[in-house]
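A.B. asks: Have a look at this fold, sequence not included:
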């Protein structure tokens, strides 16, 4: 019997930030399946296999494809907004 050595991760139930072709962003409650560090599926209620590590992302924002949203060059061009 062969065993899988693939690393599987499921980010479950997070608010996923999706960009359309006009760069508009929407948040949708979705799951993200990752295998060996690559996103392989983004949709609602992905089935979980027993060899998948599951992270509960409820009440969390997930932004697939972003490396570090705090250090984006766009952030340096945005004006600072002081809290009121």
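C.D. replies: On my side now, so go ahead. Quantities reported herein were computed from a predicted structural model and do not represent experimental measurements.
A.B. asks: and the closest residue to residue 65 other than its chain neighbours, bridged to which residues?
C.D. replies: In space, and not counting its chain neighbours, residue 65 is closest to residue 39: 7.6 Å by CB to CB, 6 or more residues apart in numbering. Bear in mind the C-beta positions are built from the backbone N, C-alpha and C, glycine included. On the basis of DSSP bridges, residue 39 is bridged to residue 34.
A.B. asks: Pull the number of nearby residues for residue 39.
C.D. replies: Other residues near residue 39 come to 13 when the count uses other CB atoms under 10 Å.
A.B. asks: what's the answer for the one 10 residues further on, then?
C.D. replies: If you count neighbours by other CB under 10 Å, residue 49 ends up with 10.
A.B. asks: Unless I misread the structure, residue 53 falls within a helix.
C.D. replies: No: counting by DSSP: H, G, I helix; E, B strand; the rest coil, residue 53 is not found in a helix; it is strand.
A.B. asks: start at 600 instead
C.D. replies: Noted, 600 is the first residue going forward, which turns the last one into residue 652.
A.B. asks: so what's the nearest residue to it once chain neighbours are set aside up against?
C.D. replies: Nearest non-adjacent residue to residue 652, counting by CB to CB, 6+ apart: residue 608, 5.1 Å away. Each residue near residue 608 by CB atoms under 8 Å, 6 or more residues apart in numbering is listed here: 632-634, 651-654.
A.B. asks: Residue 630 contacts residue 641, correct?
C.D. replies: Yes: counting by CB atoms under 8 Å, residue 630 touches residue 641, with 7.4 Å between them.
A.B. asks: and the helix or strand containing the residue nearest to residue 652, what's its mean pLDDT?
C.D. replies: Per DSSP states H and E, residue 608 falls inside strand 607-618. Per-region confidence: strand 607-618 scores 92 on mean pLDDT.
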